[in-house]
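>>> only geometry, no sequence info:
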């Protein structure tokens, strides 16, 4: 059975950092893409970043230079390192599994429950 479980969210002050983890089980690793999305209250879900099996990466403009996506050494985890967080980054962050490429939600058919990230002083 497919499972994606996010962890690592929390409350952080502006300028702080968090590392989110996405633990993946029951899904093939090869030829897959793992993406991070976020959804703030009252807003639509938006793509943050994605990484392919061959570790190609892609970032939304707001994430470039601040966020880094990478795969763990074991083929069952993906991480999102977020630096210089700002209040506008407050959202529920979810990881998703798919076989396409990009940050369109339609490309992903397995999703985690999400982890809350709150940036506030």
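Yep, that arrived. Only a predicted model underlies this, so the values are computations on that prediction, with no experimental measurement involved. Residues are numbered from 1 along each chain as shown.
>>> so what's the residue sitting nearest the centre point of the chain closest to, chain neighbours aside?
Among the residues of the chain, the one closest to the centroid is residue 36, at 2.4 Å (C-alpha atoms, centre = their mean). Leaving aside its sequence neighbours, residue 36 sits nearest to residue 48 (C-beta to C-beta, 6 or more residues apart in numbering; 4.2 Å). For glycine as for every other residue, the C-beta is placed from the backbone atoms N, C-alpha and C.
>>> Tell me how many other residues crowd the nearest residue to residue 105 once chain neighbours are set aside.
Of all residues not flanking residue 105 in the chain, residue 45 sits nearest, at 6.1 Å (C-beta to C-beta, 6+ apart). By other C-beta atoms under 10 Å, 16 other residues sit near residue 45.
>>> try residue 103
Residue 103: 20 neighbours (other C-beta under 10 Å).
>>> Now do the one helix or strand residue 93 maps to, average pLDDT.
Counting by DSSP states H and E, the element that carries residue 93 is strand 91-98. Across strand 91-98, pLDDT averages out at 98.
>>> Give the next helix or strand downstream of it.
Next along the chain from strand 91-98, counting by DSSP H and E, comes strand 108-111.
>>> So which residues of this protein form strands?
3-7, 10-12, 18-25, 33-39, 46-52, 57-59, 67-71, 77-82, 91-98, 108-111, 115-119 (DSSP state E).
>>> Which elements pack onto the fifth one?
Applying 3 or more C-beta pairs under 8 Å, 6 or more residues apart in numbering; DSSP states H and E, we find strand 46-52 packed against strand 33-39, strand 57-59, strand 67-71, strand 77-82.
>>> Can you tell me which of these is most buried?
strand 33-39 (a mean of 23; mean count of other C-beta atoms under 10 Å).
>>> picking up where we left off before, was I right about the residue nearest to residue 105 contacting residue 35?
No - taking contacts as C-beta atoms under 8 Å, residue 45 lies outside contact range of residue 35: 10.9 Å.
>>> Right, I'll leave it there.
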